[in-house]
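Undergrad: pasting the structure only:
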């Protein structure tokens, strides 16, 4: 895993100096070496974290005929099979043993088709020195980031937005629509980022650029095609497919470790690998620490485990760096423990395996559980009354039972937005300043996805939405940015195209059965881990922010930020301070709303005030 930056276009500046400065902004992604290519049209910069072909894998890599050059971030797990085919069927010659050169030779041989042939995580750009055209692509699920911007006659592109700050043509401005959606989702669900004019390349997409027009083409889009299988056959296939993926994800010329929580996802992976080293984090607060479960599993499976307990001071101290490394404001509380977990693992290894993606593949979130009480409520209570009760609940402090009224007010298509629902449209407009109010509604974001799965059941509608929004824009963004902040490569065996081919065909009843999520997956895990781990309720990274926010020290810290002059440009400061006061006095639980706004302000301060 590495990082790259580049631009296409002329300008009255030193081209070599600019690409070097862009690379310096992402030096944390690749501390082992750097490289660049510059001509009159294009500048490509690269930072390397050496994982495969330690001696020969430096980038940019040029084709043997000198006509093409590539920069690539990620890992291709089937590169040896593709390499063999290129040699035996097409007579290709290779200068290195790297997966990077396989992509380059594959493109020269197969053209745009190469993107769909790759098994792995990737973002890359290939430059044709003769035609001066670019070809680039991003992996199926959005594991690796790819940003681009067309500004002042230049196309900027790279692994992280912060590299663009070093380019003279880059203009930074807050995206009004993105801010409102961020307040609702806790992340930016739009392809246009919080930086106006900066876009994410959609997962499963490749592009071409001829110096004038950027053309994008989808080569992969997840759809469902259920197959008639028995439960036992499904369980068996899950075990075989996950084992195959884990085997591929261990390909490296360096040691591979594993993240380990108390849940089934990471425990399943660790049990199939039995790595020499596993890593866990928790908090110095009762009820917010799963590291005991991790240690117990390691004792059973004879694995080593390093753990860290995060203090409240450490949590708050990390927040500015977490927002800086995220590139966009990000309000998932678990980013901070992941930041420290990555720091811990990076002391020993360069590569770790992790359990992201199992919930979206196999139906792991509690929001997927059909509610019998909800079904009865929707049958008995007329829609008009349900809507009024739901609207009322949106404006009340967070208390038990109110989410039930919100989620059952309308249909899945109108009410479901994924795994985080911080504010409704009206609440977001209420807290935004007049200048940043937006007519965009969260349904404008979710409707295009729901329209693609009209014929699916409610579970698969939710899975489809989460695959397109929550997974790439929250889970995977967080996973990449927090690990790469510490020069650590994270691999996600559940997000493999062969795992997906199986997952897309599994019947709903094998995903969620009554109150049990990931039923077939958990049953498969029983062949590797004890019952307590296979069947444990999903917890995630539990963070005691709600508790800390009622302590004077942290209440005052957040209050100081809310009172800064620049805050009024974006928000109704009076309402922010009321939330803070009401939370401290236990009038209601406003910690998620407060954390979401606080995270944005820390991000803004990092990118627009301090840097």
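TA: Received, thanks. Every value quoted in this text rests on a predicted model; they were computed, and no experiment measured them. Numbers count the residues shown, from 1 in each chain.

Undergrad: What ranges does the stretch 451-600 of the chain have for its helices?
TA: 458-468, 470, 476-484, 497-503, 508-511, 519-525, 531-534, 545-548, 552-562, 573-584, 591-604 (DSSP state H, counting those that start in this stretch).

Undergrad: Over to the stretch 151-300 of the chain?
TA: 176-185, 231-248, 264-273, 291-301.

Undergrad: so what does the third one touch, helix or strand wise?
TA: By that I understand helix 264-273. helix 231-248, strand 256-259, helix 291-301, strand 351-353, helix 358-362, helix 519-525, helix 531-534 (3 or more CB pairs under 8 Å, 6 or more residues apart in numbering; DSSP states H and E). All C-beta atoms are positioned from the backbone trio N, CA, C, and that covers glycine.

Undergrad: Same question for the last one.
TA: In terms of contacts (3+ CB pairs under 8 Å, 6+ apart), helix 291-301 is packed against helix 264-273, strand 277-283, strand 304-310.

Undergrad: what's the angle between the second one and strand 304-310?
TA: Here the directions of strand 277-283 and strand 304-310 differ by 20 degrees (axes from the mean of the first three to the mean of the last three CA atoms, to 10 degrees).

Undergrad: Identify the residues contacting strand 277-283?
TA: For strand 277-283, the external contacting residues (CB atoms under 8 Å, 6 or more residues apart in numbering) are 255, 257-261, 270, 288-291, 294-295, 298, 303-311, 315, 337, 340-341, 344-345, 348-349, 352, 541-544.

Undergrad: how far out from the middle of the chain is that strand?
TA: 20 Å (CA atoms, centre = their mean, to the nearest Å).

Undergrad: What strands line up against that strand, and which way round?
TA: Strands that pair with strand 277-283, judged by DSSP bridges, come out as strand 256-259 (parallel), strand 304-310 (parallel).

Undergrad: Identify, out of those strands, the most deeply packed stretch.
TA: Ranked by mean neighbour count, these are led by strand 256-259 with a mean of 24 (mean count of other CB atoms under 10 Å).

Undergrad: pLDDT on that one, on average?
TA: When pLDDT is averaged along strand 256-259, the result is 95.

Undergrad: With adjacent residues omitted, what lies nearest to residue 465?
TA: In space, and not counting its chain neighbours, residue 465 is closest to residue 449: 5.1 Å by CB to CB, 6 or more residues apart in numbering.

Undergrad: List the buried residues for stretch 416-427?
TA: Burial within stretch 416-427, assessed by neighbour count using 16 or more other CB atoms under 10 Å, is assigned to 416, 417, 418, 419, 420, 421, 422, 423, 424, 425, 427.

Undergrad: can you list the weak-confidence ranges in the stretch 251-400 of the chain?
TA: Scanning the stretch 251-400 of the chain for pLDDT under 70 picks out 286-289, 371-376, 378, 394-395, 397-400.

Undergrad: same deal with the chain?
TA: 1, 52-57, 286-289, 371-376, 378, 394-395, 397-401, 403, 407, 538-541.

Undergrad: Show me the domain layout of it.
TA: Domain assignment for the chain, taken from automatic domain parsing, gives 2-176+195-218, 231-364+468-534.

Undergrad: Would you mind putting the ones you listed into a markdown table with distance to residue 435 alongside?
TA: Listed next are the domains of the chain as a markdown table, based on distance: least, CB to CB, whole Å:
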| stretch | distance to residue 435 |
| --- | --- |
| domain 2-176+195-218 | 8 |
| domain 231-364+468-534 | 18 |
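
Undergrad: Indicate which one of these is closest to residue 187.
TA: If you check each of those against residue 187 by CB to CB, domain 231-364+468-534 wins as the nearest, at 4.3 Å.

Undergrad: so how far is the closest one off the chain centroid?
TA: From the chain centre to the centre of domain 231-364+468-534 is a distance of 13 Å (CA atoms, centre = their mean).

Undergrad: now do the same end-to-end measure for that domain.
TA: Taking CA to CA, to the nearest Å as the measure, domain 231-364+468-534 stretches 17 Å from start to finish.

Undergrad: Repeat that for stretch 508-518.
TA: End-to-end distance of stretch 508-518 (CA to CA): 10 Å.

Undergrad: try stretch 101-118
TA: Chord length of stretch 101-118, first to last residue, is 13 Å (CA to CA).

Undergrad: quick one: buried residues of it?
TA: 101-110, 114-115, 117-118.

Undergrad: Using a markdown table, please lay out these together with distance to residue 468.
TA: Listed next are the buried residues of stretch 101-118 as a markdown table, based on distance: CB to CB, whole Å:
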| residue | distance to residue 468 |
| --- | --- |
| 101 | 32 |
| 102 | 29 |
| 103 | 25 |
| 104 | 30 |
| 105 | 32 |
| 106 | 27 |
| 107 | 27 |
| 108 | 32 |
| 109 | 31 |
| 110 | 27 |
| 114 | 24 |
| 115 | 18 |
| 117 | 23 |
| 118 | 20 |
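
Undergrad: Run a quick neighbour tally on residue 296.
TA: Residue 296 has 15 neighbouring residues, counting by other CB atoms under 10 Å.

Undergrad: measure it to residue 86 for me?
TA: 47 Å (CB to CB, to the nearest Å).

Undergrad: What of residue 246?
TA: Distance from residue 246 to residue 86, counting by CB to CB: 26 Å.

Undergrad: what's the answer for residue 227, then?
TA: From residue 227 to residue 86 the distance is 33 Å (CB to CB).

Undergrad: picking that back up, so which of the buried residues of stretch 101-118 is the closest to residue 159?
TA: Closest approach between those and residue 159, by CB to CB: residue 103, at 15.7 Å.

Undergrad: can I assume the closest one is in contact with residue 122?
TA: Yes: if you go by CB atoms under 8 Å, residue 103 and residue 122 touch, sitting 7.4 Å apart.
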